[in-house]
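Enquirer: Any chance you could fold what I've pasted below:
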Amino acid sequence: MTHLWVRAESRPNEDRVGITPDGVRRLIAQGFRVTVEDSARRVIATEEYRKAGAAIAPEGSWPDAPRNAIVFGLKELPEDGSALVHRHIMFGHAYKGQPAGRVLLERFRRGGGRLLDLEYLTDGDGRRLAAFGYWAGYAGAAVSLMAWVAQMRGGICGPVHAWPDKDALQDALRARLDASGRPRPRAIVIGAKGRVGSGARDLLTAMGVGVTEWDMAETAHGGPFPEVLAHDIFVNAILARPGAPVFVPAEATGPARALRVIGDVACDPDSEFSPIKVYDRATDWDAPVLRVADNPPLDVMAIDNLPSMLPRESSEDYAAQLLPVLKGLGDLQSGAWGRASRLFDEHLAGA
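Expert: Got it, this is the predicted structure:
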């Protein structure tokens with residue numbers, strides 16, 4: 001019997017979950033055993049999972065789960081250096097040369113566990129089967145606009161928080177833009193045809209911002225890309241990967257630019273393949289932007305859990321995409337899970 005153990009998220013400001021109570025009910029009907037850790041912060045109440053038939057375990061008890069359980073979470077594990085003995089489903093951020101990723105792989109090596117990375121669950125043609133991208137782009141564009149408004153007022157973007165739904169976010173953001181007394185900025189979205197880019201485009205368009213939409217055709221020549229610097233806001237929706245072009249080089253902090261805000265939704269600043277070279281670390285909810293130039297200002301937004309700003313919508317959307325894949329957990333040697341498992345072996349061997 002496949003035992004799925006849904007852990008509580010330990011990261012601050014992380015209220016999302018990758019499976020809904022209805023998904024739990026469906027897996028149990030298929031013969032799964034499902035355990036869900038208690039969490040006071042999770043956007044869906046623990047009691048709803050209990051009603052769906054899940055066993056409830058104390059928050060953070062996954063290290064003591066049965067060895068054959070598959071531990072399922074979204075964001076990173078506590079960085080306590082412990083050896084990892086279970087199979088873990090999560091966004092590991094371990095395959096692009098990130099320093100923290102190498103540490104994570106070493107923890108799996110010592111414990112004998114496995115990483116089944118959610119980012120690399122793909123079909124036979126390499127297309128991702130489930131992603132939070134749309135809501136990451138949506139929220140990332142919203143925070144980028146907040147940063148632009150703060151600049152227009154002579155300041156820097158203050159702390160951000162979760163919103164009950166997208167309508168509440170839109171209402172508050174529109175009020176900020178209107179109160180600035182400025183015409184709407186001009187924005188460019190690179191990767192506009194993907195999930196992330198479409199979310200960014202939809203939020204910007206809803207706010208009355210003119211959007212230049214670029215995708216593979218517009219970036220195929222490899223650069224340079226002076227058009228990026230001619231816009232007020234640039235939203236990057238392209239993942240860092242070998243061969244990725246550089247959209248904003250290190251020297252782009254000079255004064256000869258209209259660009260004021262970069263929303264790096266893909267957010268891989270510590271990867272050598274990052275297409276944005278003016279910053280080197282992620283930002284967070286308390287300090288959403290990093291100011292990388294002063295005259296004129298240039299702020300970079302690089303929050304890596306943006307969908308959690310709209311936790312209910314993003315969780316329900318992602319869980320619906322992922323559930324058909326979770327149903328295949330009984331066979332980890334083939335399909336999407338087999339591909340993810342083999343990818344882990346490759347990177348573990350090279351670490």
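Enquirer: residues contacting the closest residue to residue 272 other than its chain neighbours?
Expert: Spatial nearest neighbour of residue 272, chain neighbours left out: residue 97 (6.0 Å); criterion: Cβ to Cβ, 6 or more residues apart in numbering. C-beta coordinates here come from the backbone N, C-alpha and C atoms, glycine included. Residue 97 is in contact with 270-273, counting by Cβ atoms under 8 Å, 6 or more residues apart in numbering.
Enquirer: Could you do residue 278 as well?
Expert: 248-250, 252-253, 262, 292-293, 298, 300.
Enquirer: Could I have the buried ones of those as PyMOL selection syntax?
Expert: Of the contacts of residue 278, the buried ones go into a single PyMOL selection, burial set by 16 or more other Cβ atoms under 10 Å:
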select buried, resi 248+249+252+253+262+292+293+298+300
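Enquirer: circling back: return the member of the contacts of residue 97 nearest to residue 224.
Expert: Among the contacts of residue 97, residue 273 lies closest to residue 224 (Cβ to Cβ), at 17.2 Å.
Enquirer: Out of the contacts of residue 278, name the ones that lie in strands.
Expert: Among these, DSSP state E puts 262, 292-293, 298, 300 in strands.
Enquirer: quick one: which two of those are the most distant?
Expert: Farthest pair in the ones in strands among the contacts of residue 278, by Cβ to Cβ: 262 and 293, 10.6 Å.
Enquirer: What sits closest to residue 67 if chain neighbours are left out?
Expert: Closest to residue 67 by Cβ to Cβ, 6+ apart is residue 85, at 6.3 Å.
Enquirer: Touching, the one you found and residue 114? I think so.
Expert: No: using Cβ atoms under 8 Å, residue 85 makes no contact with residue 114, being 9.8 Å away.
Enquirer: the more surrounded of those two?
Expert: Taking other Cβ atoms under 10 Å, residue 85 and residue 114 do not tie; residue 114 has more neighbours (20 against 17).
Enquirer: Could you check the pLDDT of the closest residue to the more buried one other than its chain neighbours?
Expert: Nearest residue to residue 114, sequence neighbours excluded (Cβ to Cβ, 6+ apart): residue 87, at 4.6 Å. We note a pLDDT of 98 for residue 87 in this prediction.
Enquirer: in the stretch 101-250 of the chain, which spans are strands?
Expert: 114-117, 186-190, 210-214, 233-236 (DSSP state E, counting those that start in this stretch).
Enquirer: and of these, who's closest to residue 63?
Expert: strand 114-117 (15.5 Å).
Enquirer: about what we covered before: backbone dihedrals for the residue nearest to residue 272, both of them.
Expert: Main-chain torsions, residue 97, degrees, to the nearest 10: phi 80, psi 10.
Enquirer: how close does it get to residue 311?
Expert: 30 Å (Cβ to Cβ, to the nearest Å).
Enquirer: And for residue 123?
Expert: Counting by Cβ to Cβ - residue 123 and residue 311 are separated by 27 Å.
Enquirer: For the two, indicate the residue with more neighbours.
Expert: residue 311 (24 against 12).
Enquirer: So that one is in contact with residue 162, correct?
Expert: Yes: counting by Cβ under 8 Å, residue 311 does reach residue 162; the two are 5.8 Å apart.
Enquirer: any residues in contact with both of these two?
Expert: With Cβ under 8 Å, 6+ apart as the test, residue 311 and residue 162 both reach residue 15.
Enquirer: Output the contacts of residue 278 in TSV; the columns should cover distance to residue 213 and pLDDT.
Expert: Listed next are those as TSV, based on distance: Cβ to Cβ, whole Å; pLDDT from 0 to 100:
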residue	distance to residue 213	pLDDT
248	18	97
249	22	96
250	26	95
252	21	96
253	25	96
262	17	98
292	25	98
293	26	98
298	22	98
300	21	98
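Enquirer: quick check, nearest of the contacts of residue 278 to residue 75?
Expert: Closest to residue 75, out of all of those and judged by Cβ to Cβ, is residue 300, at 20.9 Å.
Enquirer: Would you mind writing the CA trace of stretch 323-331 as CSV?
Expert: Only the C-alpha atoms of stretch 323-331 are listed here, as CSV (Å, rounded to 0.1, in the frame of the first residue of the first chain):
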residue,chain,number,x,y,z
LEU,A,323,-3.6,14.8,-8.5
PRO,A,324,-3.5,12.6,-11.6
VAL,A,325,0.3,12.3,-11.2
LEU,A,326,0.0,11.5,-7.5
LYS,A,327,-2.3,8.6,-8.4
GLY,A,328,0.7,7.0,-10.2
LEU,A,329,2.9,6.9,-7.0
GLY,A,330,2.4,3.2,-6.8
ASP,A,331,4.9,2.8,-9.6
